[in-house]
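Novice: generate a structure from the sequence data that follows.
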Amino acid sequence: MKFRLLGVLLLLVSPLAWGGCPRIVSQSPYITHTLEWLGLQSCIVGVSRYDTLPLPHTGGVMDPDPEAIAALRPELLLTSDWTAEDVLRQATPPGAKALRLHGFQTMAQVEENLRLIGEAAGLPDAARRAEAFAHDWRERAAAVDGHGIRALLLSACGGSPYSFGRGSWLGDLFSAAGFEVVGGDKQIIHFSADGDLGELRAAVKQYRPGVIFVFEHKARPACNAALGRMGVKLALLDGDLFLHPAPVLLQGLDELAARRKEWEAKP
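Specialist: Residues are numbered from 1 along each chain as shown. This is a model prediction of the structure:
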């Protein structure tokens with residue numbers, strides 16, 4: 001409770017309270033989510049083409065637009081490790097600081113991003129904020145108590161689906177929540193986009209999950225019916241709360257706990 005209260009109080013601190021607001025360009029939505037949680041949204045002057053904020057676009061993660069970025073005169077350019085180091089050097093204007101952030105392998109990386117971004121932006125309590133988040137997500141994960149249920153973490157039902165293995169931040173998160181994440185230590189396992197979900201069916205037969213979590217906004221009746229016929233429990237979760245390695249995962253854990261009847265019910 002003490003750490004959760006600390007996190008709430010920290011979020012109420014305006015950038016103006018610590019003496020300034022650096023001009024920041026965010027090259028990935030998960031970084032934008034992290035900036036918002038740190039109370040730095042008002043500092044963002046540009047975002048990637050994948051972002052929903054109504055701000056100037058600055059290219060993509062792997063192909064940032066140097067001209068668009070330079071025009072915004074950023075003091076801090078934040079991107080993921082998907083941006084090649086030489087590409088980032090070319091995209092960083094003179095005088096600006098650039099950071100390549102991790103986050104896709106472990107929750108510890110998500111915690112570290114809070115500290116790194118906070119310190120780069122000049123937040124004097126960046127380490128405490130990261131510590132508060134670390135305590136909070138672990139507390140909420142423990143409260144879920146997945147009872148050791150074997151879980152397949154599926155990106156979507158249809159399209160080009162893939163699952164998250166234990167080598168991903170979601171694998172780490174769901175393991176801490178008490179599930180046995182299937183698929184081995186890989187980060188991502190891709191399945192073909194064929195209509196009958198053949199590779200996914202084979203994975204279900206191989207891994208024998210007790211539940212399939214699908215991270216989508218809404219149900220796809222035909223696809224979800226096909227998954228249902230595999231004889232495995234199916235639970236749909238809001239992808240916006242899980243598919244970003246950022247503090248929004250706290251809300252995801254709350255949803256996971258609130259939807260307990262779905263993943264504990266018989267198929």
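Novice: residue ranges with poor pLDDT in the chain?
Specialist: 1-19, 158, 193-196, 217-224, 265-267 (pLDDT under 70).
Novice: if you set the cut-off to 80 instead, what comes out?
Specialist: 1-20, 157-160, 192-197, 217-230, 265-267 (pLDDT under 80).
Novice: list the contacts of the lengthiest helix in it.
Specialist: Criterion DSSP state H: the longest helix present in the chain is helix 126-144. Residues outside helix 126-144 that contact it (CB atoms under 8 Å, 6 or more residues apart in numbering): 3-4, 6-7, 10, 37-38, 107, 110-112, 114-119, 123, 173, 176-178, 247, 249-250, 253-254, 256-257, 260. For the C-beta atoms, the positions are set from N, CA and C on the backbone; glycine is no exception.
Novice: I'd say residue 31 and residue 79 touch.
Specialist: Yes - the criterion here is CB atoms under 8 Å, and residue 31 meets it with residue 79 at 7.3 Å.
Novice: shared neighbours of the two, anything?
Specialist: residue 101.
Novice: ok, the residue lying farthest from the centre of the chain to residue 74 distance?
Specialist: Going by CA atoms, centre = their mean, the residue of the chain most distant from its centre is residue 94, 30.2 Å out. As judged by CB to CB, to the nearest Å, residue 94 and residue 74 stand 11 Å apart.
Novice: and this structure, what are its domains?
Specialist: Domains of the chain are assigned by automatic domain parsing as 2-140, 145-264.
Novice: quick one on the thing from earlier: now do the buried residues in the longest helix of the chain.
Specialist: 126, 128-138, 140-141, 144 (16 or more other CB atoms under 10 Å).
Novice: so after it, what's the next helix or strand?
Specialist: Using DSSP states H and E, the next helix or strand after helix 126-144 towards the C-terminus is strand 150-154.
Novice: strands paired with that following strand, and their directions?
Specialist: As defined by DSSP bridges, the strand partners of strand 150-154 come to strand 162-164 (antiparallel), strand 180-181 (parallel), strand 211-215 (parallel).
Novice: in JSON lines: the ones you listed, plus mean neighbour count and distance to residue 88.
Specialist: Supplementary listing: those in JSON lines, determined by neighbours: other CB atoms under 10 Å; distance: least, CB to CB, whole Å:
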{"stretch": "strand 162-164", "mean neighbour count": "24", "distance to residue 88": "26"}
{"stretch": "strand 180-181", "mean neighbour count": "22", "distance to residue 88": "32"}
{"stretch": "strand 211-215", "mean neighbour count": "23", "distance to residue 88": "29"}
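Novice: ok, which of those comes nearest residue 103?
Specialist: The closest of those to residue 103 is strand 162-164. By CB to CB, the value is 13.2 Å.
Novice: closest to residue 44 out of the strands paired with strand 150-154?
Specialist: For the strands paired with strand 150-154, the distance to residue 44 is smallest for strand 211-215, at 25.1 Å, taking CB to CB.
Novice: dump the closest one to PDB, keeping only the CA atoms.
Specialist: C-alpha atoms of strand 211-215 as PDB (Å, rounded to 0.1, in the frame of the first residue of the first chain):
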ATOM      1  CA  VAL A 211      -6.000 -21.500 -21.500                       C
ATOM      2  CA  ILE A 212      -5.300 -19.400 -24.600                       C
ATOM      3  CA  PHE A 213      -5.100 -15.600 -23.800                       C
ATOM      4  CA  VAL A 214      -5.800 -13.500 -27.000                       C
ATOM      5  CA  PHE A 215      -4.800  -9.900 -26.800                       C
END
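Novice: so which residues make contact with that strand?
Specialist: For strand 211-215, contacts defined as CB under 8 Å, 6+ apart pick out 149-157, 174, 204, 224, 227, 230, 232-239, 242-243, 263.
Novice: PyMOL command to pick out the buried ones of those?
Specialist: To isolate the buried members of the contacts of strand 211-215 in PyMOL, using 16+ other CB under 10 Å:
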select buried, resi 149+150+151+152+153+154+155+156+157+174+204+224+227+232+233+234+235+236+237+238+239+242+243+263
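Novice: out of the contacts of strand 211-215, list just those in strands.
Specialist: Assignment to strands by DSSP state E places the following of the contacts of strand 211-215 there: 150, 151, 152, 153, 154, 233, 234, 235, 236, 237.
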